[in-house]
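In: Next come a sequence and a model predicted from it.
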Amino acid sequence: GENVEQHPSTLSVQEGDSAVIKCTYSDSASNYFPWYKQELGKGPQLIIDIRSNVGEKKDQRIAVTLNKTAKHFSLHITETQPEDSAVYFCAANFNKFYFGSGTKLNVKP
Amino acid sequence: DTEVTQTPKHLVMGMTNKKSLKCEQHMGHRAMYWYKQKAKKPPELMFVYSYEKLSINESVPSRFSPECPNSSLLNLHLHALQPEDSALYLCASSQEGTQPQHFGDGTRLSIL
């Protein structure tokens, strides 16, 4: 089956800085890559996604890039704010969702 | 507010009890999912329903029994659970298998 690796496991940045979270996947047949944000006591919330026929997608301060050849995709958050503090999960879809292990982002005011 | 509603939010039960978790969505989605999430871990898929039929069972113990009464509702019946079953149980829905999944806020389950 698919294997998704996510790095780093924790990330601490100063408010206003950028944050980058990286994921790699193993199955080249995966064709859909969502990113989820999970706040304490809440379920995962879809924040951005990308399909395999697109290299980059942006939504305000959040962007996702996909390199199909290298089988990796990344989440970029610019101008981070304290409310961006949460656990972020990447996922790859091949018949079902395979989640990365998660990154705990801490944005210090 | 999420568009997938789960009840109850918290549940404490003994190992001999029978209880049910409920999930409801009104987005017209045809696929619904149950996940189990332990602390500091990603969600683990348990069951997938597609067009009200069970399509994936990830070798889940029979003490967990899913049910999909109609396209908007998903239940998870619990019986004779073990302490290691304590976790956050998440429901999700999507238009179909390759579309974005939308999660509820989960039921926090504790087994005494």
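Out: Looks like it arrived, so ask away. Only a predicted model underlies this, so the values are computations on that prediction, with no experimental measurement involved.
In: so who does the residue lying closest to residue A:85 once chain neighbours are set aside touch?
Out: Closest residue in space to residue A:85, ignoring its immediate chain neighbours: residue A:107 at 4.9 Å, by C-beta to C-beta, 6 or more residues apart in numbering or on different chains. In this view, the C-beta of every residue, glycine as well, is placed from N, C-alpha and C. Under the criterion of C-beta atoms under 8 Å, 6 or more residues apart in numbering or on different chains, the contact list for residue A:107 reads A:13, A:14, A:15, A:19, A:80, A:81, A:82, A:83, A:84, A:85.
In: Please name the residues that touch the nearest residue in space to the second one that is not next to it in sequence.
Out: I take that to be residue A:14. Computed as C-beta to C-beta, 6+ apart, the closest residue to residue A:14 that is not its neighbour in sequence is residue A:108, at 5.5 Å. Shown here is residue A:108, whose contacts under the criterion C-beta under 8 Å, 6+ apart are A:12, A:13, A:14, A:15, A:82.
In: Which of these fall in helices?
Out: By the criterion of DSSP state H, membership of the contacts of residue A:108 in helices covers no residue at all.
In: mind giving me TSV with those and columns for neighbour count and pLDDT?
Out: Written out in TSV, the entries for those read as follows (neighbours: other C-beta atoms under 10 Å in any protein chain shown; pLDDT from 0 to 100):
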residue	neighbour count	pLDDT
A:12	13	98
A:13	17	98
A:14	9	98
A:15	13	98
A:82	10	97
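In: What confidence value was assigned to residue A:2?
Out: Residue A:2 carries a pLDDT score of 81 in this model.
In: Within range of chain B, give me the residues from chain A.
Out: A:31-32, A:34, A:36, A:41-46, A:49, A:89, A:93, A:95-97, A:99-102 (C-beta under 8 Å from any C-beta of the partner chain).
In: Low-confidence bits of chain B, can you list those?
Out: Across chain B, the ranges flagged by pLDDT under 70 are B:1-2.
In: quick one, strands of it?
Out: According to DSSP state E, chain B carries its strands in the segments B:4-7, B:10-13, B:18-25, B:31-37, B:44-50, B:53-57, B:64-70, B:73-79, B:87-94, B:102-103, B:107-111.
In: nearest to chain A, of these?
Out: Of all those, strand B:102-103 sits nearest to chain A, with 3.8 Å by C-beta to the nearest C-beta.
In: same for that closest one, what does it pack against?
Out: Strand B:102-103 is packed against strand A:45-51, strand B:87-94, with contacts defined by 3 or more C-beta pairs under 8 Å, 6 or more residues apart in numbering or on different chains; DSSP states H and E.
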